[in-house]
Each structure stands twice: as C-alpha cells, then as structure tokens.
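[1] Below are the sequence and a predicted model for it; my questions follow.
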Amino acid sequence: MKITRVETFAVPPRWLFCRVETDDGVVGWGEPVVEGRAATVRTAVHELAELLVGKDPSRIEDHWQLMTKGSFYRGGPVLSSAVAGLDQALWDIAGKTLGVPIHVLLGGPVRDRVRAYSWVGGDEPAEIADAVTAQVEAGFTAVKMNASGRMNRLATVADLDRIVGRAEAVREALGPDRDFAVDFHGRFTAANARKVLPRLAHTNPLFAEEPVLPEYTHLLGDLVAASPVPIATGERLFSRTDALPAVRAGVAVLQPDLSHAGGISEVRRIAALAETFDIPIAPHCPLGPVSLAASLQIAFATPNFLIQEQSIGIHYNTGGEVLDYVVDREVFRFHDGHFARPTAPGLGIEVDEAAVRAANDAHPYWHGPIWRHPDGSFAEW
Ligand SMILES: [Mg+2]
C-alpha cells in the first residue's frame with residue numbers, strides 16, 4: 001500500500017483537517033491545527049506530505065521520525081501540530097487496514113468508559129451557577145471554567161472577590177460529588193497565581209490549569225509547592241522534552257493536546273513519561289471531531305488517564321460544530337458525562353467528507369482576540 005495524496009481542509013469554526021489517501025482506497029483523517037495559525041500549519045502539512053507520498057503508510061514511527069527530525073529544525077507548535085495531524089491519519093489508516101480501533105493497536109482498552117468535562121462560562125456567580133446546573137442536568141460530573149477575564153498583573157481586592165465568588169458559586173451548584181477545574185489560561189503572573197491559588201483552596205477545584213505561561217515553566221516548581229490546589233499544564237508543550245520540566249516540577253495533571261504534541265505517537269510517549277512521575281494525563285481538546293477521536297483512542301489505552309476535555313456545544317464554536325463533520329454522531333454521545341468505547345476501526349469515526357469539502361475555505365481563518373490593559377499595553381488572552 002502506498003500513500004497517493006494528502007489534502008487539507010480549513011473549516012469553521014477554526015479547524016484544519018487533513019485527508020491522507022492510499023492506492024488501496026483506504027483513507028485516513030487527521031486534524032493538524034494551531035488555533036489562530038491554521039494557514040501556517042496548512043503550509044507545513046503540505047511540506048511534510050512530500051515525505052509521505054509514494055511511501056508505505058504503515059511505517060508510522062519511521063514517518064514520525066522523518067517528519068519531526070528530517071529537516072534539522074524541529075519542534076514548536078506549527079511543526080509539531082502538522083506532524084500531529086498526519087500522524088493521526090497514519091494511525092487511522094493502520095486501524096482501518098487491520099479492521100481494529102487504534103486503542104486495540106496500542107494494547108487494548110484499559111477502561112470501559114471515559115469521563116469528560118464540559119466548559120461553562122458566565123461573568124456573574126448566578127450566571128455561572130446556572131450554566132453549571134445545566135451541565136449537571138445533562139449528566140456531566142465535571143466542568144471547567146476560566147478563572148477570570150483579563151487580569152491585572154497583581155490582583156486587586158475586586159479581582160480576588162470576583163475569582164473566588166465565581167468558584168464558590170460553581171462549587172455550591174456542583175455539590176461535593178462532582179468536580180470543577182479552573183483555567184488560568186496563562187493570564188496570571190507567577191506572583192498573582194501565588195496570591196490567588198490559596199484563596200481558592202476551600203472550593204476544592206480538581207485542578208488549576210496554566211497558572212503561568214509555558215515560558216515560565218521554570219517557576220512551576222515553586223508554584224506547585226505554594227499551591228493547595230493541584231496544578232495542571234501542558235496544552236502549549238509539544239513533545240516529551242517540552243513536558244519533562246513540567247513533570248519534574250511536580251504538576252498534578254499533564255494536558256498534552258493530540259493535535260499539537262506530535263499526535264498519537266508522541267502523546268502516547270508523553271503519557272508514559274508522566275506515568276513515571278505518577279502524573280495522570282487529561283488531554284487538551286477544544287478542537288474538532290478528529291482531534292477528539294484521537295484523544296479518546298489514547299484515553300482508552302492509557303492507564304494514567306484522568307479526564308477528557310471536549311468542545312461539543314461550547315459557546316465559542318461559531319459557524320461550525322464538532323458534530324457537523326461526522327456521519328456517526330453516536331460515537332460522541334454522552335452517557336452520564338462519559339464517552340462509550342468507540343468500536344469502529346481506526347479513529348472510530350466516519351468523517352462526513354461531503355460536509356468537510358462543502359465547508360472548506362468557506363470562511364476566513366480564525367484569529368484569537370487581542371486584549372489590552374487599561375493603560376493600552378498588551379494583555380494575555
Ligand atoms: Mg487551557
């Protein structure tokens with residue numbers, strides 16, 4: 001079997017899919033994207049595709065090595081995401097060729113279902129409590145929210161009251177048997193995170209995510225030591241070597257992204273690295289159906305897995321939704337806030353190719369918002 005063609009599709013709300021075709025008629029799908037940099041990743045995918053066309057798709061690891069290391073310069077979000085999508089597509093082809101889901105190729109399922117969390121928004125405590133109640137009524141056992149909007153470099157009393165007030169409202173709405181995670185989104189300075197985290201302790205978040213930006217991973221160890229709330233990070237770490245300082249700093253949860261961190265091949269290895277530090281993974285996935293399908297394949301095959309992010313029905317998916325691009329939507333149906341084990345071969349989904357082709361290039365590329373502080377200077381989003 002040989003790879004004959006690689007195509008890419010930029011679709012709403014902000015995703016990029018790749019389709020890898022073989023001369024056997026087997027087709028694999030991947031989702032190589034960096035949110036806000038889809039056009040750049042698309043170019044990288046087509047550059048890397050030159051290494052694949054004419055080659056045997058089953059040599060996944062050899063392709064991964066060449067794509068990742070074969071042009072001397074390596075790593076970073078763009079290249080690692082391009083590799084990630086193509087890697088997903090190669091695993092999809094392998095599973096479809098052999099007639100088994102990818103998690104069977106990875107050693108078989110280690111769990112019967114995968115716990116997922118939903119996003120909740122709302123500025124006011126009452127608003128966010130209503131959003132949480134809706135998710136609880138939908139069967140979810142866990143939710144995640146942003147800690148805050150734009151943050152001052154050091155929180156004012158009003159900032160602190162807002163952050164703690166929302167967390168208290170969420171805990172109150174959830175009761176003691178469900179969880180919430182709070183995403184700091186890299187908006188906090190390290191000192192600010194140290195100031196805020198102890199004040200959240202009584203609300204018992206499952207974890208606090210990205211309390212500092214990834215470029216300050218060298219500060220994570222001190223933060224972990226000072227925080228009564230478990231610390232999570234990893235969506236902006238793109239390889240085992242990127243993840244190593246974070247796991248050595250003692251984070252509680254690692255959050256590799258299947259579409260950013262080298263795909264199924266590398267996230268599998270990142271999970272193994274985390275396991276040696278007794279750290280579970282919670283794959284980051286605010287992305288589309290192919291990325292979510294790849295996440296689930298890892299979740300079912302990985303012992304040290306905690307919980308899965310997903311963006312079905314999320315408020316910021318405008319113009320396109322996870323379920324718009326799959327034929328068999330049952331795969332992504334929630335059962336008491338959990339995903340059932342996908343049993344179809346490969347990634348376990350049937351991509352709606354007609355819908356993908358119809359949506360391709362029908363919208364401008366998405367860019368993240370640019371925020372500024374009141375004095376006009378740049379603020380982290
Ligand atoms: Mg995050």
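    Happy to help now that I have it.

[2] quick one, phi psi at the closest residue to the ion within the chain?
    The chain approaches the ion most closely through residue 183 (4.5 Å), counting by Cβ to the ion. Bear in mind the C-beta positions are built from the backbone N, C-alpha and C, glycine included. Here is the backbone geometry of residue 183 (degrees, to the nearest 10): phi -100, psi 110.

[3] Quick check: it touching residue 207?
    No - applying Cβ atoms under 8 Å, one finds residue 183 not in contact with residue 207, separated by 9.3 Å.

[4] okay, the two: which has more neighbours?
    Set residue 183 next to residue 207 and count neighbours by other Cβ atoms under 10 Å: residue 207 wins out with 24 against 21.

[5] residue contacts, that one?
    181, 182, 229, 230, 231, 232, 252, 253, 282 (Cβ atoms under 8 Å, 6 or more residues apart in numbering).

[6] what do you get if the cut-off is 10 Å, keeping everything else the same?
    Counting by Cβ atoms under 10 Å, 6 or more residues apart in numbering, residue 207 touches 144, 179-183, 227, 229-233, 251-253, 255, 282, 306-307.

[7] State the pLDDT value of it.
    Predicted confidence (pLDDT) for residue 207: 98.

[8] Check residue 80 too.
    At residue 80, pLDDT is 98.

[9] does it belong to a helix or a strand, and which?
    Using DSSP states H and E, residue 80 maps to helix 76-98.

[10] helices and strands around that helix, which ones?
    strand 3-11, strand 15-22, strand 27-30, helix 38-49, helix 60-69, helix 102-105, helix 263-275, helix 289-301 (3 or more Cβ pairs under 10 Å, 6 or more residues apart in numbering; DSSP states H and E).

[11] for stretch 153-168, what is the average pLDDT?
    94.

[12] So what touches that stretch?
    120, 122-125, 127-129, 145-152, 180, 182, 184, 188-189, 191-193, 195-196, 199-205, 208, 229, 373, 377, 379.

[13] Quick check: buried residues in it?
    The neighbour-count criterion (16 or more other Cβ atoms under 10 Å) identifies 155, 159, 160, 162, 163, 164, 166, 167 as the buried residues of stretch 153-168.

[14] What values do phi and psi take at the last one?
    Spelled out, that is residue 167. phi -60, psi -40.

[15] Return the distance of it relative to residue 173.
    Distance, residue 167 to residue 173, by Cβ to Cβ, to the nearest Å: 11 Å.

[16] I'd guessed residue 348 sits against residue 294; true?
    Yes - shown here, residue 348 and residue 294 form a contact pair, counting by Cβ atoms under 10 Å, at 9.5 Å.

[17] List, one by one, the residues from this structure near the ion.
    183, 209 (Cβ under 5 Å from the ion).

[18] ok, residue 189 - contacts?
    151, 152, 153, 154, 155, 195, 211, 212, 213, 216, 219, 380 are the contacts of residue 189 under Cβ under 10 Å, 6+ apart.

[19] Actually, residue 144.
    117-120, 170, 179-183, 205-207, 209, 282, 286, 307, 309.

[20] can you tell me which of these are in strands?
    117, 118, 119, 179, 180, 181, 182, 183, 209, 309 (DSSP state E).

[21] export the residues you listed to TSV and tack on distance to residue 66?
    Compiled in TSV, the ones in strands among the contacts of residue 144 are given as follows (distance: Cβ to Cβ, whole Å):
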residue	distance to residue 66
117	36
118	39
119	37
179	41
180	42
181	37
182	40
183	35
209	33
309	30
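
[22] among those residues, which two are most distant?
    118 and 209 (14.9 Å; Cβ to Cβ).
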